[in-house]
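S.K.: Kindly generate the corresponding structure for this input.
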Amino acid sequence: MNSAFAKNERYAVAATPILRLLGDFAVEPAGLAPSGRKARALLARLVLADAPLARDRLSALLWSRRPDAQAHASLRQCLVELKPWTRASPPLLQAGRETVAIDHTQVADDISLLRAACAADDVAAVLTRLPAHDVRFLADLEGVDDAWDDWLMVERARQEEVIVREVLAMADRLLQRGHLEQALTVADRVTRFDPCSEHAARIVMHARWEAGDGDGLRHAWHRIEDALARGIDDRPSVETAELYRSLSERQCPPAPAIPAQRSAASAGGSPSLRSAIGLGAAALTLALVGADAPRTAAPAAMLAAPAVRVEPIEARGRDAIEDRFADALAGDFARLAKASGGVVRVLDSKAAGRGGDFVVRVAIERDGGEFVSEPRVVDPLNGSILWSSRLTAPVGDLSRLRERTALAVAGLVDCALTLNGRSQPLSTDADRRSLVFAICDAHIAYDGPRAIRLMEELVERWPGDADALGMLAQVRIKHLSHDGDPAALGAERSRAIDAAQRALAIDPGNAAALTALSQTGVSELFMVEALPLLDRALATDPEYPAALMSSAVGLFMAGYVRAGVDPAERAARGDPTSIYKALGVVRRYAAAGQMEEAMAQFAAAEAIWPGHPDLTEHRRRLAVELGRTNAAEAYRAATAEERRTFDMLLIRQFADPSAGSRAVEVAAEAEFAQNRSVAYAIAAHYARIGDMPKALSWLARAPVRNTDGQWSLLYWPSVAPLRRDPLFFRTLARIGLVDFWRRQDRWPDFCSEPGLRYDCRQEAGRLARLGRAISGGSGASR
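M.R.: Numbering: from 1, shown residues only. Okay, the predicted model is just below:
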């Protein structure tokens with residue numbers, strides 16, 4: 001017999017095994033962790049039991065759908081996998097004829113250790129065992145068995161309730177004894193483990209007020225408000241609201257004296273808030289700083305999370321154009337400050353600041369026909385420059401220069417806060433701080449190779465940071481080159497997936513990693529197929545900008561046109577420096593047929609960014625949807641050179657269907673020869689002018705692979721006549737969309753439009769029966 005399975009073999013155990021039950025199941029040391037999920041579930045159930053458990057009970061829990069004999073046999077096989085436990089010396093697990101038990105004198109678990117630490121008021125041990133973010137009890141063991149899932153749901157609620165109750169009881173005792181910093185650190189950790197705990201929020205508010213931190217009191221209130229608004233309870237209880245009201249109306253006591261030495265627990269107890277990484281196609285929103293990070297009487301540079309202070313813009317030449325530019329840019333920063341929830345503060349004058357802040361300074365200057373904008377981020381105490389840039393543009397293109405300046409500042413600071421740790425003070429490690437700003441500079445400059453190389457260095461030197469890994473995945477995805485060798489592209493995509501999966505192994509709800517993973521698809525429908533992952537990212541962080549933007553696009557491409565409006569609006573509200581996002585809202589409203597709202601959004605964007613080049617394209621899009629009169633005006637406003645472009649030829653024929661038909665046909669064939677996916681735009685055009693034979697002819701020629709998503713042009717209101725024809729539905733079936741709709745049991749908006757000559761569900765079923773529908777597995781798509 002193989003000695004590995006010899007009956008008398010004994011396994012030596014060097015240290016007391018500890019089972020981790022909070023978060024994903026794990027065993028310390030890792031060598032004792034079984035690979036099978038049911039073996040892991042069995043260990044978890046046994047360690048939570050106060051007495052031996054009957055084999056009948058365990059087999060019914062883990063193999064509820066099998067006959068008793070088979071279930072018992074499966075349990076015996078599972079115990080074979082746990083031989084290192086049953087054959088340990090002394091045995092860690094006792095498997096008798098009728099019962100199975102774990103030896104609690106030889107085995108520990110993190111929940112028992114945590115509760116013991118609470119009873120002893122051992123702050124350091126509590127902070128070691130209580131996760132610093134919202135994780136679920138046995139998070140990775142759902143779906144083991146129906147009976148197990150029922151037990152897990154009840155046990156999870158019970159264990160999490162007990163943990164929060166006992167940890168907060170300790171925090172209450174610390175607060176009553178006047179140990180403000182320790183009480184705050186413990187309660188703050190609970191707000192990360194259970195963001196909806198009002199008891200924890202009340203302790204944090206008490207401690208902030210006692211520490212003389214009025215801002216911290218207000219932020220603690222806002223945080224519990226936001227958490228409950230995303231949950232079931234909707235708003236804080238009367239007790240919590242009354243406490244906040246009474247404390248905010250009273251003057252905070254003077255800040256207590258700084259102790260000469262801090263305890264080990266409080267020194268290491270500055271919790272790290274899992275932050276949202278706002279990185280996407282351009283600079284994204286400044287997410288809220290973890291305002292509940294400890295801000296007691298310790299020096300601000302040591303404990304306070306960094307804020308962003310924007311000083312008045314310095315106009316060096318003091319001419320009228322500089323003044324107008326400075327006023328407009330100041331408006332951009334004011335909108336950014338409003339969207340940031342207090343992280344960004346626009347100052348009326350230069351003032352001495354805290355060492356932990358970022359200070360933004362912008363100087364502008366007109367140099368002949370060129371305009372120069374020089375944004376920089378500085379350390380307010382010593383004036384050292386942490387980052388700077390120099391942007392130039394002709395005097396006639398100041399709207400875009402303004403946008404570039406605001407985006408550069410927003411993106412740089414957002415990136416730096418994320419990599420620094422949003423709730424942490426500005427890093428005093430000169431190497432890390434230098435590396436962080438170098439990464440962010442490369443990122444906003446679209447220098448992909450440098451950003452990736454520096455991000456890899458950061459991840460290697462400071463491992464275990466889920467946010468950094470998630471950001472690395474996003475940077476890799478953003479800078480994928482589709483023009484090179486397919487093998488190299490596949491390798492780069494694999495590296496991005498690996499970074500995202502490493503981040504999710506640390507933090508299963510990491511929004512950056514989930515968003516990055518959603519963009520790694522290679523199919524025609526990768527933006528549509530990404531929607532479930534994006535839903536997970538937004539469940540973690542409902543305002544995560546990159547996920548919102550991708551979700552808005554994916555929903556639109558899936559035909560859920562009206563549903564795409566909300567995420568587009570939220571993304572734009574979060575990043576008021578981006579005309580790209582503002583015009584995205586315009587497109588979503590117009591595609592949904594809400595032209596009044598689309599025009600209002602367009603007018604607002606035009607007022608903020610007058611003369612911006614992107615406005616012209618959108619003005620023409622809206623003109624076509626508004627009708628022939630508006631289209632004719634758009635054509636008349638175009639320059640002679642613009643009128644010769646293909647898009648303007650289409651607008652001219654739309655305004656006057658009798659004009660230039662031959663020129664349009666010739667130009668259409670030329671465009672199609674260069675880019676076959678333009679057939680969708682041409683089909684949409686002919687549908688708009690009422691020439692349905694040509695519209696259907698071009699739709700029949702449209703490719704179903706390498707479409708660049710151009711089929712979504714057919715969702716606009718003016719193309720409704722084409723959607724009524726069954727050929728439209730069959731084309732989308734060949735692309736793969738019908739298969740997606742069937743799997744999701746969610747049908748696109750056009751299925752409820754009047755005048756369709758088919759029923760979406762019936763036509764989908766018919767195509768499936770004929771073997772002509774869709775995506776991987778249908779004969780029609782091969």
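S.K.: Any regions of the stretch 301-450 of the chain where pLDDT drops low?
M.R.: 301-306, 318, 341-342, 347-357, 380-384, 421-426 (pLDDT under 70).
S.K.: which ones are touching residue 337?
M.R.: By C-beta atoms under 8 Å, 6 or more residues apart in numbering, the contact list for residue 337 reads 310, 344, 345, 346. Just so you know, the C-beta spots here come from the backbone N, C-alpha and C atoms, and that holds for glycine as well.
S.K.: name the element it belongs to?
M.R.: Remark: residue 337 resides in helix 320-339, with elements defined by DSSP states H and E.
S.K.: could the contacts of residue 337 go into JSON lines alongside distance to residue 376, neighbour count and secondary structure?
M.R.: JSON lines is the format used below for these (distance: C-beta to C-beta, whole Å; neighbours: other C-beta atoms under 10 Å; DSSP: H, G, I helix; E, B strand; the rest coil):
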{"residue": "310", "distance to residue 376": "12", "neighbour count": "23", "secondary structure": "strand"}
{"residue": "344", "distance to residue 376": "16", "neighbour count": "24", "secondary structure": "strand"}
{"residue": "345", "distance to residue 376": "17", "neighbour count": "14", "secondary structure": "strand"}
{"residue": "346", "distance to residue 376": "16", "neighbour count": "18", "secondary structure": "strand"}
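S.K.: quick check: angle from the helix or strand harbouring residue 602 to helix 320-339?
M.R.: Taking DSSP H and E as the definition, residue 602 sits inside helix 595-608. For helix 595-608 against helix 320-339, the angle between stretch directions is 130 degrees (axes from the mean of the first three to the mean of the last three C-alpha atoms, to 10 degrees).
S.K.: Name the residues of the helix or strand just after helix 595-608 that are buried.
M.R.: Toward the C-terminus, helix 595-608 is succeeded by helix 613-626 as the next helix or strand (DSSP H and E). Residues of helix 613-626 classed as buried by neighbour count (16 or more other C-beta atoms under 10 Å): 614, 615, 618, 619, 620, 621, 622, 623, 624, 625, 626.
S.K.: so what's residue 108 scoring on pLDDT?
M.R.: In the predicted model, residue 108 carries a pLDDT score of 93.
S.K.: Quick check: bridge partners of it?
M.R.: residue 18 (DSSP bridges).
S.K.: Contacts only, for it.
M.R.: Here residue 108 is in contact with 16, 17, 18, 19 (criterion: C-beta under 8 Å, 6+ apart).
S.K.: if I look at the third one, how far off is residue 709?
M.R.: Taking C-beta to C-beta, to the nearest Å as the measure, residue 18 falls 50 Å from residue 709.
S.K.: The first one too?
M.R.: When distances are taken as C-beta to C-beta, residue 16 and residue 709 turn out to be 56 Å apart.
S.K.: what about residue 438, which helix or strand?
M.R.: Counting by DSSP H and E, residue 438 is part of helix 430-444.
S.K.: List the buried residues in the helix or strand hosting residue 453.
M.R.: Per DSSP H and E, residue 453 falls inside helix 448-461. Using 16+ other C-beta under 10 Å as the test for burial, helix 448-461 gives 448, 450, 451, 452, 454, 455, 456, 458, 459.
S.K.: And stretch 31-51, by the same measure?
M.R.: In stretch 31-51, counting by 16+ other C-beta under 10 Å, buried: 32-34, 37-48.
S.K.: Next, the distance between the ends of that stretch.
M.R.: For stretch 31-51, the first-to-last residue distance is 26 Å (C-alpha to C-alpha, to the nearest Å).
S.K.: need the longest helix for the chain.
M.R.: Longest helix in the chain, counting residues (DSSP state H): helix 146-176.
S.K.: helices and strands around the helix or strand following it, which ones?
M.R.: As assigned by DSSP H and E, the chain's next helix or strand after helix 146-176 is helix 180-193. Here helix 180-193 touches helix 123-129, helix 146-176, helix 198-210, helix 264-267, going by 3 or more C-beta pairs under 8 Å, 6 or more residues apart in numbering; DSSP states H and E.
S.K.: relative to helix 198-210, how tilted is helix 180-193?
M.R.: 150 degrees.
S.K.: Run the angle between helix 180-193 and helix 146-176 for me.
M.R.: 160 degrees.
S.K.: Please save the CA atoms from helix 180-193 in CSV.
M.R.: Extracted C-alpha coordinates of helix 180-193, given in CSV (Å, rounded to 0.1, in the frame of the first residue of the first chain):
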residue,chain,number,x,y,z
LEU,A,180,-11.1,58.1,22.8
GLU,A,181,-8.6,57.1,20.2
GLN,A,182,-8.9,53.3,20.9
ALA,A,183,-12.7,53.5,21.0
LEU,A,184,-12.7,55.5,17.7
THR,A,185,-10.3,53.1,16.0
VAL,A,186,-12.4,50.0,17.0
ALA,A,187,-15.8,51.6,16.1
ASP,A,188,-14.4,52.9,12.9
ARG,A,189,-13.2,49.4,12.0
VAL,A,190,-16.8,48.1,12.6
THR,A,191,-18.2,50.8,10.2
ARG,A,192,-16.0,49.2,7.5
PHE,A,193,-17.0,45.6,8.5
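S.K.: pLDDT averaged over that helix, what's the number?
M.R.: 89.
S.K.: For it, what is the distance to the chain centroid?
M.R.: 25 Å (C-alpha atoms, centre = their mean, to the nearest Å).
S.K.: Buried residues, it. List them.
M.R.: So, applying 16+ other C-beta under 10 Å, buried residues of helix 180-193: 180-193.
S.K.: ok, of the residues you listed, which one's closest to residue 703?
M.R.: residue 192 (49.3 Å; C-beta to C-beta).
S.K.: Let me see the domain layout of this protein.
M.R.: When the chain is parsed with automatic domain parsing, its domains come out as 1-165, 297-445.
S.K.: most packed of those?
M.R.: Of these, the one with the most neighbours on average (mean count of other C-beta atoms under 10 Å) is domain 297-445, at a mean of 18.
S.K.: what about the stretch 1-150 of the chain, any weak spots by pLDDT?
M.R.: If you take pLDDT under 70 as the line, the stretch 1-150 of the chain has these spans: 1-14.
S.K.: Kindly recompute the last result at 80.
M.R.: Scanning the stretch 1-150 of the chain with the threshold set as pLDDT under 80 gives 1-15, 132-134.
S.K.: what's the answer for the stretch 601-750 of the chain, then?
M.R.: 659-660.
S.K.: And the helices in it?
M.R.: Ranges of helices in the stretch 601-750 of the chain, per DSSP state H, counting those that start in this stretch, are 613-626, 628-637, 640-643, 646-655, 661-674, 679-688, 692-701, 720-723, 726-735, 737-744.
S.K.: Please identify the most buried of those.
M.R.: Most buried among the helices of the stretch 601-750 of the chain, counting by mean count of other C-beta under 10 Å: helix 679-688, with a mean of 24.
S.K.: will you turn the helices and strands packed on helix 180-193 into a markdown table that also has distance to residue 605?
M.R.: Shown next, in a markdown table, are the helices and strands packed on helix 180-193 (distance: least, C-beta to C-beta, whole Å):
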| stretch | distance to residue 605 |
| --- | --- |
| helix 123-129 | 47 |
| helix 146-176 | 46 |
| helix 198-210 | 38 |
| helix 264-267 | 49 |
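S.K.: So which of those helices is nearest residue 95?
M.R.: Closest among those, using C-beta to C-beta: helix 146-176, at 19.2 Å.
S.K.: just checking, what packs against the closest one?
M.R.: Using 3+ C-beta pairs under 8 Å, 6+ apart: helix 146-176 touches helix 37-48, helix 55-62, helix 110-119, helix 123-129, helix 180-193, helix 198-210.
S.K.: and of the helices and strands packed on helix 180-193, who's closest to residue 552?
M.R.: Of all the helices and strands packed on helix 180-193, helix 198-210 comes closest under C-beta to C-beta, at 32.4 Å.
S.K.: From the contact counts, what lies against the closest one?
M.R.: Helix 198-210 packs on helix 146-176, helix 180-193, helix 214-229, helix 238-249, going by 3+ C-beta pairs under 8 Å, 6+ apart.
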